[in-house]
Each structure stands twice: as structure tokens, then as C-alpha cells.
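*Asks:* Using only what follows, build the 3D model:
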Amino acid sequence: MSPTKMGPAVIILAGALSLGGCATKGFVREQIATVNQRIDGLEAKQQETDGTAKSALAQAQAASQQAQAASGQAQNNGQRIDQLNARVDGIEQQMQQNRRKRPRH
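*Replies:* Numbering: from 1, shown residues only. Model (predicted):
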């Protein structure tokens, strides 16, 4: 190839290489703004989810405490019933003994 035919090809190649890798400041700012909007949206959703999780945890803890209190109360009630059953059994035995002792007319 002659140098006169290679000259324009070299100029075109050099221009293509110099323009191909550069991004304008406006393009970069636009891309960053889009990414920032997505990040802001995700942060808002994360905060909402965190608030929901904390609320659910508080409700679960309150329910657990209520269940423990109810369990304790049920245990106390069971003990009280056992005591009352023992008293009723004692009274029934006394009544049966009294019936045996009294003569019937």
C-alpha cells in the first residue's frame, strides 16, 4: 500500500480509538443518578422491612410473656383444683362415716 492510501486509514483509525473509550460527564452523571435512585428506593424498603420486623418481634415477645403468665396461672389453678379435690374427698369420707354411724329409723 502506498503512503497516500494509508494516511486516511490511519487518521480514521486514530479518531475511532480516541473517541471510543470516553464517556461524557453528562452520561456518567445520568447513570449515577439512576443508580442513586434505585439505592434510595431499596434503603426505604429496607427501613420499612426493619420496622415491620421490630414490630413483629415486640408482638411475639408480648405474646410469649402472656403465654408464660397464662401457663403460670393455669398451673396455679391446677394446684388449687387438686387442693379442692382433696378437701371434697375428705368431706365425702366424713359424710360416709356419719351415715354409717347413725342408725336409721
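*Asks:* For the longest helix anywhere in the chain, what is the distance to the chain centroid?
*Replies:* Ranked by residue count and defined by DSSP state H, the top helix of the chain is helix 25-101. Put simply, helix 25-101 sits 15 Å off its chain's centre (CA atoms, centre = their mean, to the nearest Å).
*Asks:* same thing with stretch 91-102?
*Replies:* Worked out by CA atoms, centre = their mean, stretch 91-102 lies 64 Å from the chain centre.
*Asks:* Just the mean pLDDT for it, thanks.
*Replies:* Stretch 91-102 shows a mean pLDDT of 84.
*Asks:* can you check stretch 38-45 too?
*Replies:* 95.
*Asks:* what about Ala86, distance to Gln75?
*Replies:* Noted for Ala86: a distance of 17 Å to Gln75, by CB to CB, to the nearest Å. Using the backbone N, CA and C atoms, a C-beta is placed for each residue, glycine as well.
*Asks:* Can you report how many residues lie near Gln37?
*Replies:* Residues within reach of Gln37, counting by other CB atoms under 10 Å, total 10.
*Asks:* need the contact list for it.
*Replies:* Contact partners of Gln37, counting by CB atoms under 8 Å, 6 or more residues apart in numbering, are absent.
*Asks:* now swap in the one 10 residues further on and tell me
*Replies:* When the contact criterion is CB under 8 Å, 6+ apart, Gln47 has no partners at all.
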